[in-house]
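1. Just the structure for this:
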Amino acid sequence: MAATTALPGVALYGHLSQPFGLGSAARGLAAALAASGLRFTAIDLPWPTAEQARDVLPTPSELGMEVGLIATNPDILRRCIGTGAMPGPSAGGHAFMIGHWHWESTTGLPQEWPAMSMLFDEIWASSSYGAACIAPFVETPVVPVPPALPAREPPAGIDLRRFGVEPGIFVFLSVFDGRGNLDRKNPIAVIQAYRAAFPRPQPTVRLLLKSRGLSPNDRAILIRSMDGRPDVGLLDCAMTGAEMAALVGGCDCLVSLHRAEALGLVMAEAMADAKPVIATGHSGNLEFMTPANAFLVSYDLVPLQQDSPPFRQGTVWAEANVGHAARLMRQVHDRPDRARAGAERGARWVRSVLSPEAAGARIAARLELLARTGRIAARVPAAITPPSTLPRSLPTLLVATPMKNGAPYIDRYFGLLRSLAVDPARLSLAILEGDSSDGSWDRLCAMRGDLEARYRRVTLMRHDFGYRLPPGLRYQPSAQERRRSVLAKARNRLLTGALADEDWVLWLDVDLVEYPPDLIDQLLGAGHDIVVPHCILPNGRTFDRNTFFLPTGPDGRPVADDPAGDDGRRLYLEDAQGDDPVELHGVGGTALLVRADLHREGLIFPAAPYRGHLETEGLAVLARDLGYRCVGLPAVRVVHPPV
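-> Residues are numbered from 1 along each chain as shown. This next block holds a predicted model:
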């Protein structure tokens, strides 16, 4: 394909050097982009906590691409940002963000995924099945864009006998990642099918299970299922790309009785090697499998009976028919010529539909459509200073606000933001609206364009927690535990979906009446990781009594706190002597500044009591346990309306 200079360039972020599924998919996207003729660069994302793999794909170094394509799942992306493996989806200054996701359940997403979808303008699923799994649960557009089969290292010179593959022995191979979900991969059904197909061990047939990173419990489960059969082997170890290519190429048949697959690249690789593949006739592998080119196993759709993280009870999956799989194993073994003819048809098909050229053409066609219809161009906010041009000495902030029935305050809220004496190009804005009955969401959506033209980044999220508090009970003691638990969940959800590359997070309530134009400079100037101003009522009395400090006892240590705050021991910023900063034991959230790295490293708002404290108070207790100081500024005042 000739170079396409009129189309946008792509910055691909993925686990390019990792030897498992997400890494293979990322390398497949890189191969597709290379074949497409598009301008692109590939950035390797280290696995957040894992060993570094040995097979590193060299990547170009130029940045400045219009499209950012992040090829990892939301939970891993969150960990990458939190550990510094990447600075956040918006850090590259890309005009259009795409997430490439893999998911295997049509009955729901993990809790944090819908919120993370708000980071993206579009989500690409690895198959049509994957798109059907994701699309009903997010507002972001979802389209199927399978990757190419990535290039594999030549397997020359590798002695497969050390892996249990002997000359003259027919080897059935089943491959799965032991660090993933064993219930979904379902290797026990493979063992059962093999034992049914070959009730007694035979010297010329063998089943080999290849895994990586099995837990002791999962290993024990598999060994029990093997029942001491000498012709069933378990190989649980890391392999290089060349070793895996040799193992797949050296087997006689690949078997996958998965309950669901987002795509199934190992099956596709085996088919490309002209190996017969026996697989459940359900889910993402049907992107490239048909009854004419693979041995598809019948199944029943059944609900998961108990949680199997990250999949929840009630997830509907395919239960492969073990008897049918056993018959197909005998057929492939007993009639090798027929099996070989089907495998050759499969090889031709897979090499066509999942070739780098075909996958690259699909990507180029999608980006051409996005550019032609103005979706990418429309996302370039001309009035915003790109983050890369801001002086490094000026920190960026995410202004974060949970909102419920905030319509009466919205105009004043944004008016106060506009009054801040800070360049709006330093401010990102994130609002989560939920459980409102006053049209708050519609008001926010109507303002989105103006907000995006002013601030460096805008994230609007919506999530209902199903919490309805009768009028007049908001500040009643009996309502606080439930109310603040829901508020903590809202704050954490907002963090998950909105925090990107910002240096600080400024939490602001929507209903504040007044704060000084230099609020941000005064909070930053305190020089501490967690800072709150003095939140007062219009009469000057302290409003936010979640911000408190404790008096010192005879032993020089703070007295014990009553989490209910009813014993009269707590002191508030109106009790401080003078205007000097005060070390706090609890903080409120009407206006709260937190260094963003603390949130990335696990400082959240407890939704259940942590040492007796919830939400912002719980955050302060957790922060102190982690070695951070919380500081209050009595002289910096923000005003809350009377209640």
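2. Where does pLDDT dip in the protein?
-> 1-6, 48-64, 82-93, 153-155, 377-393, 469-479, 553-568 (pLDDT under 70).
3. which residues in the stretch 201-350 of the chain form strands?
-> 205-211, 232-236, 253-256, 277-280, 295-297, 299-303, 316-320 (DSSP state E, counting those that start in this stretch).
4. That should have said the stretch 51-200 of the chain, apologies.
-> Going by DSSP E, counting those that start in this stretch, the stretch 51-200 of the chain shows strands at 67-71, 96-101, 122-125, 142-144, 170-175.
5. Any idea which of those gets closest to residue 424?
-> With respect to residue 424, and counting by CB to CB, the nearest of the strands of the stretch 51-200 of the chain is strand 96-101 at 20.5 Å. (Each C-beta comes from the backbone N, C-alpha and C, glycine too.)
6. Which stretches in the stretch 451-600 of the chain count as strands?
-> For the stretch 451-600 of the chain, the strands defined by DSSP E, counting those that start in this stretch cover 457-462, 504-508, 530-536, 582-583, 591-595.
7. Adding mean neighbour count, write those strands out as TSV.
-> Converted to TSV, the strands of the stretch 451-600 of the chain look like this (neighbours: other CB atoms under 10 Å):
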stretch	mean neighbour count
strand 457-462	22
strand 504-508	23
strand 530-536	25
strand 582-583	18
strand 591-595	24
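8. Any chance of JSON lines for those strands, columns distance to residue 29?
-> Shown next, in JSON lines, are those (distance: least, CB to CB, whole Å):
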{"stretch": "strand 457-462", "distance to residue 29": "25"}
{"stretch": "strand 504-508", "distance to residue 29": "32"}
{"stretch": "strand 530-536", "distance to residue 29": "40"}
{"stretch": "strand 582-583", "distance to residue 29": "50"}
{"stretch": "strand 591-595", "distance to residue 29": "34"}
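9. which stretch among these comes nearest residue 287?
-> The nearest among the strands of the stretch 451-600 of the chain, by CB to CB, is strand 457-462 at 31.2 Å.
10. Partner strands of the closest one and their direction?
-> Strand pairing for strand 457-462, determined by DSSP bridges: strand 427-433 (parallel).
11. Off-centre distance for the partner strand?
-> Distance, stretch centre to chain centre, for strand 427-433: 19 Å (CA atoms, centre = their mean, to the nearest Å).
12. May I have it as CSV, with CA atoms only?
-> The C-alpha trace of strand 427-433 is given here as CSV (Å, rounded to 0.1, in the frame of the first residue of the first chain):
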residue,chain,number,x,y,z
LEU,A,427,-6.5,22.9,34.2
SER,A,428,-8.3,19.7,33.2
LEU,A,429,-11.9,19.3,34.3
ALA,A,430,-13.7,16.2,35.4
ILE,A,431,-17.3,15.9,36.6
LEU,A,432,-19.2,12.8,37.5
GLU,A,433,-23.0,13.3,37.7
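13. who touches the nearest residue in space to residue 138 that is not next to it in sequence in this structure?
-> Excluding its sequence neighbours, the residue lying closest to residue 138 (CB to CB, 6 or more residues apart in numbering) is residue 117, at 4.0 Å. Listed by CB atoms under 8 Å, 6 or more residues apart in numbering, the contact partners of residue 117 are 74, 99, 123, 138, 139, 140, 497.
14. can I assume the third one is in contact with residue 139?
-> No. Counting by CB atoms under 8 Å, residue 123 does not reach residue 139; the two are 10.3 Å apart.
15. neighbour count winner among these two?
-> When neighbours are counted by other CB atoms under 10 Å, residue 123 and residue 139 differ, and residue 123 comes out ahead with 26 against 11.
16. bridging residues for that one?
-> Bridge pairing for residue 123 - DSSP bridges - gives residue 99, residue 142.
17. so how far is residue 131 from it?
-> Noted for residue 123: a distance of 8 Å to residue 131, by CB to CB, to the nearest Å.
18. Overlap in contacts, these two.
-> With CB under 8 Å, 6+ apart as the test, residue 123 and residue 131 both reach 142, 143.
19. Tally up the residues packed near residue 576, please.
-> Other residues close to residue 576 by other CB under 10 Å number 17.
20. Tell me the secondary structure at the closest residue to it other than its chain neighbours.
-> Leaving aside its sequence neighbours, residue 576 sits nearest to residue 634 (CB to CB, 6+ apart; 4.4 Å). Assigned by DSSP: H, G, I helix; E, B strand; the rest coil, the conformation of residue 634 is strand.
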